[in-house]
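Asks: Mind looking at a prediction? Sequence and model below.
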Amino acid sequence: MTNITSFSNITRSEGDPKVLRSGPSSRGVPDSLAKGLGWFSLGLGLTELLAPGRITRALGMEGKEALVRVYGAREIGSGILSLSVDKNVGLWSRVAGDGLDIATVLTALRPDNPKRGNVAIALALLVGITAVDLIDAQTSTARHSRAVGRKRSYRDRSGFPRGVQASRGAARDFKTPSDLRHAPALAAVSKKTTAA
Amino acid sequence: MRALVWHGKEDIRCDTVSDPEIEDGRDVIVKVTSCAICGSDLHLFHNFIPAMLPGDVLGHETMGEVVETGRGLNGKVKKGDRVVVPFTIVCGECDQCKRGYFSVCQRSNRKKHLADKVFGHTTAGLFGYSHLTGGYPGGQAEYLRVPFADATVQKVPEGIPDEKLLFLSDIFPTGWQAAVQADIQPTDTVAIWGCGPVGQMTIRSAILLGAEQVIAIDHLPERLEMAEAGGAITINFDEENVVERLNELTGGEGPEKCIDCIGMESHVTPSLPDTVYDRAKQILLAESDRPHVLREMIYVCRPGGLISIPGVYGGLVDKIPMGAAMNKGLTFRMGQTHVQRWTGDLLRRIEEEQIDPSFVITHEVPLDQGPEMYRTFRDKQDSCIKVVLKP
């Protein structure tokens, strides 16, 4: 039982059930990982947005601060999506973003860049995180795919023991309560008009 | 006991929890024999309904046997009674209950102050549906405490299987009220958006009430197939333009009655740009609900027609074409179901075999498989339409 679950018990009455022991979650490993990656995206995105200069200096990419800010905004978007119920879209957007990041950082792997060592480390990290993103995007997509399970036919499920035709209007004995009546049927209005 | 407990977004667990206890003379404890996952439980699963707290027990479609009673029931509900537990908790004594507007009972929401703040005035207490509606523990559990039991529960006879009776707790009366409040006439075309469990019950109700033409709209083949089996003409919105097809089926006039069995989570697809817009706003917390179906209904409904909304909405919607609604003179009827208003009559219809609501069950599993089934139901896997859980 988590602290927050325990804390929420203050809102419950004496006779309400309270959690004693927790069972396995409906959230699987890919879902939990997506959540972690989502928060990571938000953190990285905010850093890129707020302190792009530190990143460009560390990588010897001075002058690219505007681009880093744009990437930061992209990263925040991916983070929000990864934390939402549309996590698969978020995860695949992370994979695409990883590709962009790698391509951009590769341009800094020049022999004349004094921060080449940092660039190599950044690239190694990027390749690692891309692998994690790719695996999670694939497993999460597979886990939540509609294709899982059998395709069944419900052609025989009318719900009417006497068949559909015999059931049409079978509840006409029901009188709509006065508070739920709508405009009169065309026939009723026509009759009144004729009578008048 | 074991119960399905909400721990956060997409995080439901089968936990061991303490047993519920009698708190008031009108309470009973029900030993649950069957319960179900409702489409509206998915709004909780997605954390779209505010005021859920970790540790809340879920479930509002429940039936079972009374095993303990309070002292103030005067024999109206007794130990051993077999009961269906409607999702709305009702006192049976307030002005709203006396009018039959049970879902807006003035006394059963024990967290009335919250509902007063959010909705302006309180609505009824509901089982397992957030602290806005009382924070009552739900019935996806081995035992359930039912407050105001003498007014709330529906006694049911022995000899009819749970599967035929369980849906008196919610989806059958909900589909029935959706059709009844549309005041269906024998000349009416009734268009129903969404072929989930409530949509399926609405289709059957519209057929029983004698609609000339029932049209069902969805995009999942198995749901459309079940809708067709129930007597509906179907429209697959992935393959056809809904507005064009509805106009075609009604000689260009539009359906007289439109029923929204979707609610706040309209399907998001790039071919319907407003759904993408709604989803983006929802993610940015600028809109809580996705009302594509409402927009489409207002646009296609015949002038002077009626829009019935059993689908659950939770908060704020955007870009509703009120100009079209006003100028076309549309009538809107909506609300949580006044379950107790309909259960007696519907029980009779089940007993007379006018309808067998068990047709909608596609999965029946033990309670501890509940967390996994939430996901299966949400992801529409294994042709899942309705899950029944056996504690």
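Replies: Done, it's in.
Asks: which outside residues touch stretch A:150-161?
Replies: A:164, A:166-167, B:200, B:204, B:207, B:222, B:225-226, B:228-231, B:353-357, B:359-360, B:362, B:382-383, B:385 (Cβ atoms under 8 Å, 6 or more residues apart in numbering or on different chains). In short, each C-beta sits where N, CA and C put it, glycine included.
Asks: just checking, which of those belong to helices?
Replies: Mapping the contacts of stretch A:150-161 onto helices (DSSP state H) picks out A:V164, A:A166, A:S167, B:Q200, B:R204, B:I207, B:E222, B:E225, B:M226, B:E228, B:A229.
Asks: List only those of these flagged as buried.
Replies: Buried by 16 or more other Cβ atoms under 10 Å in any protein chain shown: A:V164, A:S167, B:Q200, B:R204, B:I207, B:E222, B:E225, B:M226, B:E228, B:A229, out of these.
Asks: what's the first one in contact with, if anything?
Replies: What it means is A:V164. Residues in contact with A:V164 (Cβ under 8 Å, 6+ apart) are A:S158, B:I207, B:A229, B:G230, B:G231.
Asks: Show me the helices in chain A, by range?
Replies: Assigned by DSSP H, the helices in chain A fall at A:3-8, A:29-50, A:52-59, A:65-83, A:87-106, A:116-143, A:164-167, A:186-195.
Asks: cool, and chain B?
Replies: All helices of chain B, identified by DSSP H, fall at B:41-45, B:95-99, B:112-119, B:149-152, B:162-165, B:171-180, B:197-208, B:221-229, B:242-249, B:273-283, B:292-300, B:322-327, B:339-351, B:370-378.
Asks: Count the residues that sit near residue 153.
Replies: Defaulting to chain A. A:S153 sits with 12 neighbouring residues when counted by other Cβ atoms under 10 Å in any protein chain shown.
Asks: that's the other chain; I wanted chain B
Replies: 26.
Asks: Quick check: bridge partners of the nearest residue to it once chain neighbours are set aside?
Replies: Spatially, and ignoring its direct neighbours in sequence, B:V153 is nearest to B:V83 (4.1 Å; Cβ to Cβ, 6 or more residues apart in numbering or on different chains). For B:V83, the beta-bridge partners under DSSP bridges are B:G64, B:K155.
Asks: The residue of chain A found nearest chain B: neighbouring residues, count only.
Replies: In chain A, the residue that lies nearest chain B is A:G149 (2.7 Å; Cβ to the nearest Cβ). Neighbourhood size, A:G149 [other Cβ under 10 Å]: 15.
Asks: Can you give me every residue that contacts the residue of the stretch 1-150 of chain B found nearest chain A?
Replies: Closest contact between the stretch 1-150 of chain B and chain A, by Cβ to the nearest Cβ, is at B:E21 (3.5 Å). Residues in contact with B:E21, defined by Cβ under 8 Å, 6+ apart, are A:E14, A:G15, B:I29, B:R145.
Asks: Which of these has the largest number of neighbours?
Replies: Busiest of the contacts of B:E21 [other Cβ under 10 Å] is B:R145, holding 26 neighbours.
Asks: Tell me the pLDDT of the residue lying closest to that residue once chain neighbours are set aside.
Replies: Of all residues not flanking B:R145 in the chain, B:P20 sits nearest, at 3.8 Å (Cβ to Cβ, 6+ apart). Looking at B:P20, its pLDDT reads 98.
Asks: correct me, but B:P20 touches A:S13?
Replies: No: B:P20 lies out of contact with A:S13 (Cβ atoms under 8 Å); the separation is 9.8 Å.
Asks: higher neighbour count, the two?
Replies: Per other Cβ under 10 Å, whichever of B:P20 and A:S13 has more neighbours is B:P20, with 25 against 14.
Asks: and the gap between the more buried one and B:L285?
Replies: Using Cβ to Cβ, to the nearest Å, B:P20 is found at 35 Å from B:L285.
Asks: Then B:A229?
Replies: Using Cβ to Cβ, B:A229 is found at 41 Å from B:L285.
Asks: out of everything not next to it in sequence, what's closest to B:G335?
Replies: B:G335 sits nearest to B:S103 (Cβ to Cβ, 6+ apart), 5.8 Å away.
Asks: before we move on, what about B:G139?
Replies: Nearest one to B:G139, counting by Cβ to Cβ, 6+ apart, is B:T62 at 2.9 Å.
Asks: Could you tell me what pLDDT the model assigned to the one you found?
Replies: Predicted confidence (pLDDT) for B:T62: 98.
Asks: If we ignore the residues flanking it in sequence, what's nearest the residue of the stretch 151-300 of chain B found nearest chain A?
Replies: Nearest residue of the stretch 151-300 of chain B to chain A, counting by Cβ to the nearest Cβ: B:G210, 3.4 Å away. Spatial nearest neighbour of B:G210, excluding adjacent residues (Cβ to Cβ, 6+ apart): A:G169 at 3.4 Å.
Asks: who touches the one you found in this structure?
Replies: By Cβ under 8 Å, 6+ apart, the residues touching A:G169 are B:P186, B:L208, B:L209, B:G210.
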